[in-house]
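Peer 1: Curious how this folds, go ahead:
(chains A and B)
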Amino acid sequence: MITLEGIAKTYDLGSSTVTALRGIDLTIDRGEFLTVMGPSGSGKSTLLHILGILDSADEGRYLLEDNDLTTLSDAELSRIRNEHFGFVFQSFNLFNEFSALENVMFPLMYAGVRGSERRDRARALLVDVGLEHRMGHYPNMMSGGEQQRVAIARALANNPSLILADEPTGNLPSDKGEEILQILEGLNRDGVTIVMVTHDDRLGARGSRCVRLRDGVVESDTRRAA
Amino acid sequence: MSWADRLWMSIRHIRGRLVESILVISATAIGVALVAAMFAFIRSYDRQTDYLLSHPAYREITVEVVGNETEITEAAVRFDASVSRAISLGTADLARARASVAAVDHGYLADAERFVVGSPLTAANRTAIASQWGAIGGTGGIAGGGATGARGQGSGAADGQARADGEFGFTVPRGTEGGTGTATMDPEQMRAQFEALLGTGDDDAAVVSELPVDGFSGYRVTGEFFAAYGLRAAEGTVFTNEDIEAGNQAIVLGHDLARTLFPNSTAIGSRIRLGIQTFTVVGVLAPTGVRSIETGTSFNRLGFVPNAAAQVQFAGRAISFQRPTRTLRFAIDDSSRLDAAVQQLILFFDSEYGPGTTRVTASLNALTSERQKLSRILAVVLFLAAAALFIASINLFNLMLMRVIKRTRGIGISRAIGASRREIFRQFINESACMSLTGAAIGLLLAPIAYGLLRTSLIADVGAVDLMNWLYFVIGAALALAVSVLFGVYPARQAGRVDASLAIRSE
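Peer 2: Modelled structure (predicted):
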């Protein structure tokens, strides 16, 4: 599904430069549940953002279904993000000035889905994550677990083939984190490819494959027998 | 994302920061109102002065006797205490000035007046009126009161039967300064004089007894007035100075007035009574675009009668049966000779009456200098209006930039869920445009008020021509709006340039 070849990324911090990734080669197959682990500063989040084309690499090639993304325009990349990728973040990243339902409607709005259908689909998504009683609530009125479920519903809005999750359980108590993880595992069983960044070894062991980064390079890449 | 979705988001964001949004919208409204009003005002003022400069009245040079306020409002009469004689400008001065001052093309009197239609005189009421007037004159209506008499109070009180005629008065040159001297007048002698003035003929059967109006406005003029104002007769003829000297009681009617008074027949030759005088219609003017400077009334609706002094002699003094003339008027056809004409007139009247006795004024010069003065004021006010709009725009700019910074993370999230840079730019442009559009709309509602304030505070004598032009409101508002929208572009571009990855990571 995705092939990264020699991906390198350096951040310019003014006085100094920080090399986040130095030559990553990685192939992700459809249906995988890939966990990315590594210590702080190992480049986990950078890799996730490059995978989600929120950020671009300085060097290397990104092939999505054998198409080179480096040549695409911002509008085309945004469309891919909108229709094929879904993001889930540690700090939920909901729009606080909009209700749960409206938050879920945003990706549909960017996709050009019309008003009533947009609303119906957003409702159905919230029902799927068990929030039928919270649709009109604003994020700051909800618990962390509920907010993350809204975020997952939003990530799923356009039926993405890839979910990119950056420490999705990091800000949650373990029982709520477990609920989120089960939702992701359920999605994976339904055929959605999942890439999840975590530094929790127990969570890292839940995926079908675990990539460990250290200092911007792949340290280990282990597949767990199904 | 549709236009409506963007609008919905803008409204949500504006509502979320209501107070600061309202302040910025108000500032924009004030800026737009001022700029739009200034545009409309400057345009209106230009058109108005252009109109005035092309008006015959502004090719006039006026000559008046210098005096105190009371004397000026009463009559062009001044007393020279040392020689104990009154100086009164009149048709004689006009004729002499015309003969001596080469640069002047026309010289005339033109005094605005309201004519009241009177009923025909009969032999009976003619005598009665003369008696009443004589009695009033004899018991103090005239005596010793040149100033009072000139207002025509005597006639107004006396002519109760045949309509009060406030326009006609008695001008009695005063023999002593201050108007305290009294002239003894014999009522019987007065009556005889008035009777002579009113005439005794029995031809009043020809006077039109019923006119469809109570009265109309017009001017008492002398012969050259018509040429100076470019008025010519379509039917009949206008009267000349010779006609006036011959004592012809003629009237010339404006085109529309003639139709109003005589809808079914020709006006020429008809006799009508105005006040105590009977006039014969000698001419009807061709339609004209000239309007009265003072009232805006079209000259097509005015009547013109001779500016003649009907005088009766009493106790060695002339009693002038006429509203006093305040002003001699001279006109030039070519405005480039204006200054020369003014200089020559000053020389002439100074040599006639001594320096400082008369005042020569060119309305054109007054208007031109007023225009120059006002242009400077307008430049300052326009600058202030532009400054107000600029400050409002800067506020919008700051507010939007602050929102971009505050929502950096939100921009990152939007990008993550599928918004392109262009879409982010559009959202922020939409939001700032919503505020500036609302401000502009409110500003447009306020603009007429600002316009009215500018008008009343900047032009004392606004004249009769109001040329408020909506097109210039729209142009002003569009310009103002363009400025305020432009100030939203930079913040929106900054929003579009936000690095999504960094924005999301700033936890």
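Peer 1: C-alpha only now, for contacts and for neighbours.
Peer 2: OK.
Peer 1: Point me to the residue of chain A nearest chain B.
Peer 2: residue A:82 (3.9 Å; CA to the nearest CA).
Peer 1: show me what contacts residue B:503?
Peer 2: B:408, B:409, B:410, B:411, B:412 (CA atoms under 8 Å, 6 or more residues apart in numbering or on different chains).
Peer 1: cutoff 10 Å now
Peer 2: For residue B:503, the contact set (CA atoms under 10 Å, 6 or more residues apart in numbering or on different chains) comprises B:407, B:408, B:409, B:410, B:411, B:412, B:413, B:415.
Peer 1: Kindly provide the distance from it to chain A.
Peer 2: 10 Å (CA to the nearest CA, to the nearest Å).
Peer 1: any idea which helix or strand carries that residue?
Peer 2: helix B:500-505 (DSSP states H and E).
Peer 1: so residue A:205 makes contact with residue A:196?
Peer 2: No. Using CA atoms under 10 Å as the test, residue A:205 is too far from residue A:196 to be in contact (11.4 Å).
Peer 1: Next secondary structure element downstream of the lowest-mean-pLDDT helix or strand in chain A?
Peer 2: One helix or strand of chain A scores below all others by mean pLDDT, DSSP states H and E: helix A:201-204, with a mean of 86. Per DSSP H and E, the first helix or strand lying C-terminal to helix A:201-204 is strand A:209-214.
Peer 1: and that next one, what other elements does it pack with?
Peer 2: Judged by 3 or more CA pairs under 10 Å, 6 or more residues apart in numbering or on different chains; DSSP states H and E, the packing partners of strand A:209-214 are strand A:17-28, strand A:33-37, helix A:44-51, strand A:193-197, helix A:201-204, strand A:217-223.
Peer 1: can you tell me the average pLDDT over that strand?
Peer 2: Averaged across strand A:209-214, the pLDDT comes to 93.
Peer 1: That one pairs with which strands, and in what direction?
Peer 2: strand A:33-37 (parallel), strand A:217-223 (antiparallel) (DSSP bridges).
Peer 1: tilt between the shortest one and strand A:17-28?
Peer 2: With axes from the mean of the first three to the mean of the last three CA atoms, to 10 degrees applied, the angle from strand A:33-37 to strand A:17-28 works out at 160 degrees.
Peer 1: Could you save the helices and strands packed on strand A:209-214 as a markdown table and add columns showing distance to residue B:48?
Peer 2: A markdown table is the format used below for the helices and strands packed on strand A:209-214 (distance: least, CA to CA, whole Å):
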| stretch | distance to residue B:48 |
| --- | --- |
| strand A:17-28 | 69 |
| strand A:33-37 | 79 |
| helix A:44-51 | 67 |
| strand A:193-197 | 76 |
| helix A:201-204 | 83 |
| strand A:217-223 | 81 |
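Peer 1: weakest of these in terms of mean pLDDT?
Peer 2: Looking at the helices and strands packed on strand A:209-214, the weakest mean confidence is helix A:201-204, a mean of 86.
Peer 1: what residues does that one touch?
Peer 2: Under CA under 10 Å, 6+ apart, the answer for helix A:201-204 is A:33-38, A:167, A:169, A:177-178, A:181, A:196-198, A:210-212.
Peer 1: try 8 Å
Peer 2: The contact list for helix A:201-204 (CA under 8 Å, 6+ apart) reads A:35, A:36, A:37, A:198, A:210.
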